[in-house]
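Asks: All I have is the shape, not the residue letters:
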């Protein structure tokens, strides 16, 4: 059963992730906003399709998380915990994205745009919900990776499990802090 659930979930991600990436790159190549773009009926349609796709991915992630919580994984306990917590926090990152979509912008305390950090363009003047959204979404990759690297030389399984809890809870706290900071209109890194 585990293989079927993972195959189905993985298939959904495998189909949607490249499509989403092509969409983002295509919009950037056209010099158009990918998110919150309602300028024309076509732009609004693309944005709606993107939203529906994200809801499908998020629901799939929730189903996978529930399955991972009730299934004994053939992984070391500390890595199984890191995987579960990474997916849980990634779902929180997706919910933050939904919060942004509900407000139809990512900036708190002003309009989208303006001065931003090099490359990422996160606001240096106002709150920017893209920060907790980004770190939340990428918890799925970062928490297992950080846990794995930090526990490489640790022998005790119980100590490895504690380290996994600490990494996961610190990361969750960071995502929560960056969300509160942005929601209060404060920049992640100001001038």
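Replies: Alright, I've got the coordinates. Source: prediction; values computed, not measured.

Asks: ok, which stretches of this structure are helices?
Replies: Assigned by DSSP state H, the chain shows helices spanning 2-29, 41-70, 77-103, 130-137, 139-150, 157-183.

Asks: any idea which of those scores lowest on pLDDT?
Replies: Of all these, mean pLDDT reaches its minimum on helix 2-29 (a mean of 75).

Asks: hang on, the earlier thing: do you know which of the helices of the chain lies nearest residue 116?
Replies: Closest to residue 116 of the helices of the chain is helix 130-137 (C-beta to C-beta; 9.6 Å). Where you see a C-beta, it was placed from the backbone N, CA and C, and this is true even at glycine.

Asks: Mind giving me the packing neighbours of that closest one?
Replies: Other elements packing on helix 130-137 under the criterion 3 or more C-beta pairs under 8 Å, 6 or more residues apart in numbering; DSSP states H and E are helix 77-103, helix 157-183.

Asks: what's the most buried one of those helices?
Replies: Among the helices and strands packed on helix 130-137, helix 77-103 has the highest mean neighbour count (mean count of other C-beta atoms under 10 Å), at a mean of 20.

Asks: Who are the packing partners of it?
Replies: helix 41-70, helix 130-137, helix 139-150, helix 157-183.

Asks: Run the chain-centre distance for the third one.
Replies: Using C-alpha atoms, centre = their mean, to the nearest Å, we find the averaged C-alpha position of helix 139-150 to lie 14 Å away from the chain's own average C-alpha position.

Asks: re earlier: got the helices and strands packed on helix 77-103 as CSV, with distance to residue 17 columns?
Replies: Converted to CSV, those look like this (distance: least, C-beta to C-beta, whole Å):
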stretch, distance to residue 17
helix 41-70, 8
helix 130-137, 11
helix 139-150, 12
helix 157-183, 21
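
Asks: Serialize the helices of the chain to JSON lines and add fields for distance to residue 190.
Replies: Formatted as JSON lines, those follow (distance: least, C-beta to C-beta, whole Å):
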{"stretch": "helix 2-29", "distance to residue 190": "26"}
{"stretch": "helix 41-70", "distance to residue 190": "29"}
{"stretch": "helix 77-103", "distance to residue 190": "20"}
{"stretch": "helix 130-137", "distance to residue 190": "12"}
{"stretch": "helix 139-150", "distance to residue 190": "24"}
{"stretch": "helix 157-183", "distance to residue 190": "10"}
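
Asks: Break the chain into its domains for me.
Replies: 1-71, 77-191 (automatic domain parsing).

Asks: Could you identify which of those is most buried?
Replies: domain 77-191 comes out most buried of the domains of the chain by mean count of other C-beta under 10 Å, with a mean of 18.

Asks: End to end on that one, go ahead and measure it.
Replies: 42 Å (C-alpha to C-alpha, to the nearest Å).

Asks: how far away is the spatially most central residue of the chain from residue 178?
Replies: Among the residues of the chain, the one closest to the centroid is residue 137, at 1.0 Å (C-alpha atoms, centre = their mean). Separation of residue 137 from residue 178 (C-beta to C-beta, to the nearest Å): 12 Å.
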